[in-house]
Structures are given as C-alpha cells and as structure tokens.
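Peer 1: mind looking at a prediction? Sequence and model below.
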Amino acid sequence: MIKSRTKIIDILKMQPGVSVLVMGWVRTKRGNKKITFIALNDGSTIHNVQIVCDMEQFKEEELRPISTGACLRVEGLLVPSLGTEQSVEIQARKVEIYGTADPATYPLQKKGHSMEFLREIAHLRPRTNTFGCILRIRHAMAFAIHKYFNDKGFVYLHTPIITASDCEGAGAMFQVTTLDLNNPPRGKDGLVDYSQDFFGRQTSLTVSGQLEGELGAMALGEIYTFGPTFRAENSNTPRHLAEFWMIEPEMAFYDIHDNMDLAEDFIKYLVRYALENCAPDLQFLNNMIDKDLIERLESVCDTTFARLTYTEGIQILSSSGQSFEYPVSWGTDLQSEHERYLVEKHFKRPVIMTDYPKEIKAFYMKENTDRKTVRAMDILFPKIGEIIGGSQREEDLDTLARRIKEMNMSVEELDWYLDTRRFGTAPHSGFGLGFERLLLFITGMSNIRDVIPFPRTPKSAEF
C-alpha cells in the first residue's frame, strides 16, 4: 500500500514506470464494459490526470457509484498515455471512494454554467475549471505582493479592522456594536449612548488602513498594509464589493513622482509574475473567458504608462467628439467610461492622472500652490478604469487641519493623526490598490464578484 500522496501537478511532470497515489475529485467518467476512464483533479493544477481502470481488474459494482463530483483515492502505475491531452496516465490498481456525489442533485455536471448560477453555489464553484484558475491566481498574486515589498525592505504593518475614524470622510461605514439594537441605551438628548458600548465609543469596520499606515511610515520609513476593508455603499455594480482587500504602501520622504514610479513598477511586477508563474491558468482563461487576455497582460509589461494632469485629461475628453453618458467638465469626478476612453482609445496604454481638483479628493492629499488642485494620482487600466489611487500626503499641520474643517470632519477625533505633523513632520506619499480590481485585470473576468471566494454585496452575505 502506497502511503505518500503525490499532487497531480507533480504527477504530470513525472516519468512513467513508478507507482503513485493520487486523491481528488472526479471531473468526468466514461467507458464501456472493458475499460473505464476517469478524469481526476485535486485543485493543484488546471489539468486533470486520467485514471484508466481495466474492468478485468475491477467489479462493475465497485465503480458504479463513481460520478462527476465524487472524491477518490487511487493507487496505480504511471504509464505513457495513448491520448493527446497528457503525456502520462495512471493504470489503476486500487480505487477507494471517499465520497459520492449524486448526479441527481450535484449541481456541477459536465455542461456550461452561467456565472450568475455559480455565484448562487459559491461554496462549490471552486471545483470548476474557471474558479480553480481564479483562486490559484489570487493566491499567486497575494504571494507576489508580499515578495515585492519584502524584497524592497518594506515593513508589513497590520492596521486595525475595527476603527473609530473614517479615512475617506464619506461616512459609508459598517457599524460595530454590542448594544441591544432593539433597546439601545440613550442619553438625555435621546441619542444612543455609545459610552456604554464595548469600546466606549462609536466604532466601525475600516474603509482603509491608510491613516494608521502613515503613522508607521513616519517611524519605519516604508510600510505596506494588505488586508480586508469595508464600504457600506449601496453599489450593485460589476466593480464594487462591500468587503474587499486592499494593498496600501506608505513611504516617508517620497514625493508624488516617487509615488508614481513605485506604483507603476509594482503593478508591472505583479503582471509579470502572473505571466511567469500562472501560465496554464492564464492560458485557460485566455481560451475560455477573454481571447485578448495574455496579449493585454504582456502589453502592460512592455509599455511606459502615459502621465498627464486631470486638466489635460478633461481637455482631451471634451474635444474627443465622444458622446458620454456622463457629461465632462472641469471639477467633476471622472467616470469609468471617461477613464477607459483615455486608456483604450486615446493613449492605448495605461495612464497615470495627477493633480485633481481638491473638492473631489480626500482631506489628506497635499495641496498644490494653486490652492485648487491636490497632488493626487490615479492609475487607469484597460477594461477596469481606476485600479490604483494615491497621493502625496499633506505634511503641513495648519493646511491639514484647515482641510479637515473644510470637509466638516472633527479635528479632535483626528488629533492622533495630526501628531505626526506636529512632531517631526516629513514629506510622504502612498497609494491603494484594490486587490479584486487587480484580479479582474489579471484574470480577464468582467464581474468583481467572480474574483473573490465569497462576495459580499448589498442584500447578499451567503455562505
């Protein structure tokens, strides 16, 4: 009896003539009275290994319970394959059924399934080829992110998930409380008395680790965060989630140009890493989901991103002759259709846009000398629109305090944040990359709900 299991990704690289043990889930089963073929997959690769069962060695009733979705343990001899799909296959000597899957009720039969249907069975969709690819790529990208920053000497900082501050000043936050929602304690003014709550104050799930990240950068030099963030926005679009992951580096002594250089280098590194380390999965997605995927990924690595100001972008859009759904004028926030026009039609390459009007950007961004714009920078990508947002941070105490007041935010509640400007302030910058936005680009998928294992969206928190 063979005790050591070999993963299928390794089996397919081995030379024939050795006894092997594999375990996995059945993708297909076919055959006749003389021979049975089983395609087995264990999640380690997009490719299956073929199990060949000589029916002279097995009783028909032994293999009858095996169907798509069943889980097997197979011992056998690795032999050259007569088929064109693979170079080796397993001549089975012993087949053990760990678990059956009733064809009448197992929803992943060998047929096409819509993405909408697969979202309804998100607990099973990782067993499909498409979502196996996506989740392996998601893992590879997470590893690449940590490797990139580690190799550059950044410190991985764990910022809090529960917070009392609203980084963006937008108020779209999920509240965290242990109070009885049916009968919360109230003060004399009739308002909820949060002093009796668990933390003694009103708290929420974080929308960003940036503010705490800045504190880390002002002591450690260069840090990054990588964790879940939450937005309570009622946005039912293919580009929004209520729970998603963010990568947020913050760097002391970086100006806006250093920030742009790092962001461009970072995203090119990730795309290159995917091309070099996820080739089989990308090829499957290229064949089945997006025929231009690999070509588009390669083009990002081979080009210099276009750089222009918001004002220049508005001029290009205004004189384009295009009929946009949302009118374009200076001072308005760009929509995805505007961003994609600049990237896909005008420049035909990724774009870094800078110097946005301060009225449409967050309080912490450094003001330019014109007092109208801030040193913000967004990276715009084909098919996605904005994929990275960042800025040089405002390091002047008085200017930052004024901006907080202008946005009707509380200076007192952000006093801890202002301390970094009181004590040893320094120029610093940072940006945020939405992990799922990155994965949309890397995988060619069109809906952000399909690049995260269990999507959280308005009216949807299953599994």
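Peer 2: Nice, I can see it. Residues are numbered from 1 along each chain as shown.

Peer 1: what bridges to the spatially closest residue to Gly331 that is not a sequence neighbour?
Peer 2: Nearest residue to Gly331 in three dimensions, chain neighbours excluded: Pro357, at 5.1 Å (Cβ to Cβ, 6 or more residues apart in numbering). Backbone N, C-alpha and C define where each C-beta goes, glycine included. Note on Pro357: beta-bridge partners Thr373, judged by DSSP bridges.

Peer 1: per-residue confidence at Pro357?
Peer 2: Looking at Pro357, its pLDDT stands at 97.

Peer 1: pull the contacting residues for it.
Peer 2: Tyr310, Trp330, Gly331, Lys372, Thr373, Val374 (Cβ atoms under 8 Å, 6 or more residues apart in numbering).

Peer 1: tell me which element the third one falls in.
Peer 2: What it means is Gly331. Secondary structure assignment for Gly331, by DSSP states H and E: no helix or strand.

Peer 1: please apply the same query to Phe131.
Peer 2: helix 129-151.

Peer 1: if we can go back for a sec, ok, now how distant is the residue nearest to Gly331 from Ile388?
Peer 2: With distances taken as Cβ to Cβ, to the nearest Å, Pro357 is found 19 Å from Ile388.

Peer 1: do Asp189 as well
Peer 2: 43 Å.

Peer 1: who has more neighbours out of these two?
Peer 2: Neighbour tally, Asp189 and Ile388, criterion other Cβ atoms under 10 Å: the higher count belongs to Ile388, 24 against 7.

Peer 1: the more buried one belongs to a strand, doesn't it?
Peer 2: Yes: when DSSP: H, G, I helix; E, B strand; the rest coil is applied, Ile388 is found to be in a strand.

Peer 1: give me the pLDDT value at the nearest residue to it once chain neighbours are set aside.
Peer 2: Sequence neighbours aside, Ile379 is the residue nearest to Ile388 in space, at 3.9 Å (criterion: Cβ to Cβ, 6+ apart). With respect to pLDDT, Ile379 scores 97.

Peer 1: same question for Ala170.
Peer 2: 57.

Peer 1: then Ala164?
Peer 2: The model reports Ala164 with a pLDDT of 88.

Peer 1: now the residue nearest to it when sequence neighbours are not counted: phi and psi?
Peer 2: Setting aside the residues directly before and after it, Ala164 is nearest to Thr203 in space (Cβ to Cβ, 6+ apart), at 5.2 Å. With angles defined as degrees, to the nearest 10, Thr203 sits at phi -130, psi 160.

Peer 1: mind listing what the strand or helix carrying Ser204 pairs with, with the direction of each?
Peer 2: In this structure, Ser204 sits in strand 203-205 according to DSSP H and E. Strand pairing for strand 203-205, determined by DSSP bridges: strand 162-163 (antiparallel), strand 175-176 (antiparallel).

Peer 1: output the ones you listed in a markdown table; the columns should cover distance to Asp265.
Peer 2: Listed next are the strands paired with strand 203-205 as a markdown table, based on distance: least, Cβ to Cβ, whole Å:
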| stretch | distance to Asp265 |
| --- | --- |
| strand 162-163 | 30 |
| strand 175-176 | 37 |
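
Peer 1: so for Arg393, which of those strands sits nearest?
Peer 2: Ranking the strands paired with strand 203-205 by proximity to Arg393 (Cβ to Cβ) places strand 162-163 first, at 18.1 Å.

Peer 1: list the buried residues for the helix holding Phe131?
Peer 2: 129-138, 140-141, 144-145, 148-149 (16 or more other Cβ atoms under 10 Å).

Peer 1: show me the contacts for the closest residue in space to Pro249 that isn't next to it in sequence.
Peer 2: Nearest in space to Pro249, with sequence neighbours left out and distances taken as Cβ to Cβ, 6+ apart, is Tyr224 at 4.1 Å. By Cβ under 8 Å, 6+ apart, the contact list for Tyr224 reads Phe149, Phe154, Val155, Tyr156, Leu157, Gly213, Ile247, Glu248, Pro249, Glu250.

Peer 1: distance of the second one relative to Thr36?
Peer 2: Looking back up the chat, that one is Phe154. 53 Å.

Peer 1: with the fourth one instead?
Peer 2: Between Tyr156 and Thr36 the computed distance is 50 Å (Cβ to Cβ).

Peer 1: who has more neighbours, these two?
Peer 2: Taking other Cβ under 10 Å, Tyr156 and Thr36 do not tie; Thr36 has more neighbours (20 against 14).

Peer 1: surely that one is in a helix?
Peer 2: No: read with three-state DSSP, Thr36 is strand and lies in no helix.

Peer 1: tell me how far it lies from Ile404.
Peer 2: 70 Å.

Peer 1: how far away is the residue nearest to Pro249 from His158?
Peer 2: Note on Tyr224: its distance to His158, by Cβ to Cβ, is 11 Å.

Peer 1: and Leu433, what helix or strand is that in?
Peer 2: Short version, using DSSP H and E: Leu433 is in strand 428-434.

Peer 1: that strand pairs with which strands?
Peer 2: Applying DSSP bridges, one finds strand 428-434 paired with strand 243-252 (antiparallel), strand 385-392 (antiparallel).

Peer 1: okay if I get those strands as JSON lines plus mean pLDDT?
Peer 2: Shown next, in JSON lines, are the strands paired with strand 428-434 (pLDDT from 0 to 100):
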{"stretch": "strand 243-252", "mean pLDDT": "98"}
{"stretch": "strand 385-392", "mean pLDDT": "95"}
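
Peer 1: which stretch among these approaches Phe435 most closely?
Peer 2: Closest approach to Phe435 among these (Cβ to Cβ): strand 243-252, 3.8 Å.
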